[in-house]
Structure formats: C-alpha cells, structure tokens
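> Would you be able to build a 3D model of this:
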Amino acid sequence: MDQYIALKTDYEKNINLYDSYCREIINQISHQLKEKAITIGFPLEYRVKKWESLIQKRQTQKLGIEKVSDLKDFAGVRIIVLFKNDIERVHEIINNTFKIEEYEEKSQADDRFGYSSIHYSIAIKDSWKEIATLKQFQNLKCEIQLRTAAQHI
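Numbers count the residues shown, from 1 in each chain. Below you'll find the predicted structure:
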C-alpha cells in the first residue's frame, strides 16, 4: 500500500511537468514540419498516461513501477504523415532534435488488418539543458509514434 501512495504522490507531482514537456515537443516538431513543408495527415497529438491507465498497466503487466519515470510511455506524442516518403524526413527531424534512447519498428499482421508504426523513446539533447525554460525537462522521457495515415487507419 505504501508503494501505491508513493506512486500516486509522484504522479500528482509530475503530471503537469510531463504535460508541459509534451507540449514543448509538439511545438518543436510543428515548427520543423512547417519549415520543411511536410504535410501531416492528422493534427499532432499527445497524451500523458492517466492514473487509472498507469495502475492498470502496472497490474496487468506486473511491472515494478515505483515512479512515473519508470514508464517509457508515460508521455507520448503521435505524428501521422500523409505519405510513406515523409517517414524518413520526419525521422531526420526527430533524430536531429532529440536524443533517441530507443528505436523500434512495430509491425503486427493478421488475416486482414495490420499495425505498423515506428516508436521512439526520446529525451532532450544536452543543448536544451542550457535554456532556462527547457532545463526542467532534462530527466524526462517521451515516446513518439510515427506512422502514415494509412497505417493509422
């Protein structure tokens, strides 16, 4: 029970910080998409895992989650581009803007439908730590999902 209370306290302490972090990631990506004239299929979106979802994940996957930073997908951003050739261009943006800690191409196929997406676990680059308003994000992680509109649908 003490672990539950400690996790809840950590969640409440960090939820707004992670929300700000996601908004900054979207701001940075949006600016570069516009600069490189890359059209996206859907508006950029983000989410910070809700408390109920965090607890459910902890229980169903039997994860030893003691603080929100133990989850690599506590915060997430989704980028959906229109065309497959834009995937590489957006990958360059992500690679140049953030420190990629993990990279995974996820693909699942069955008889009729398949799921395909690139997942990144990112953190801020060291240069961000020099900027007073961004320094607060230095120990945070975020998952970025990148896919085409066809993959999304």
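
> what's next to stretch 88-101, contact-wise?
25, 28-29, 32-33, 36, 38, 79, 81, 118, 120-126, 141, 144, 146 (CB atoms under 8 Å, 6 or more residues apart in numbering). Where C-beta positions appear, they are placed from N, C-alpha and C, glycine not excepted.

> ok, of those, which come out buried?
Neighbour counting by 16 or more other CB atoms under 10 Å classes 25, 28-29, 32-33, 38, 79, 81, 118, 120-124, 141, 144, 146 among the contacts of stretch 88-101 as buried.

> how about the helices in this structure?
2-35, 51-60, 85-97, 149-152 (DSSP state H).

> Can you get me the centre-to-centre distance for the second one and its chain?
Averaging C-alpha positions (CA atoms, centre = their mean, to the nearest Å) puts helix 51-60 18 Å from its chain's average.

> just the first one next, same as before
Averaging C-alpha coordinates over helix 2-35 and over its chain gives two centres that are 9 Å apart (CA atoms, centre = their mean).

> switch to numbering from 15
In the new numbering, first residue 15, that becomes helix 16-49.

> Residue 62 contacts residue 29, doesn't it?
Yes: at 6.1 Å, residue 62 counts as touching residue 29 under the criterion of CB atoms under 8 Å.

> So these two - more neighbours on which side?
Using other CB atoms under 10 Å as the criterion, residue 62 and residue 29 rank with residue 62 on top: 21 against 17.

> any idea how far that one is from residue 108?
When CB to CB, to the nearest Å is applied, the distance between residue 62 and residue 108 equals 19 Å.

> Pull out the buried residues from stretch 50-69.
For stretch 50-69, burial by neighbour count (16+ other CB under 10 Å) applies to 52, 54, 55, 58, 60, 61, 62, 63, 68, 69.

> end to end, how far does that stretch reach?
40 Å (CA to CA, to the nearest Å).

> for stretch 55-63, same thing?
With CA to CA, one end of stretch 55-63 sits 23 Å from the other.

> And stretch 61-80, by the same measure?
Using CA to CA, the two ends of stretch 61-80 sit 20 Å apart.
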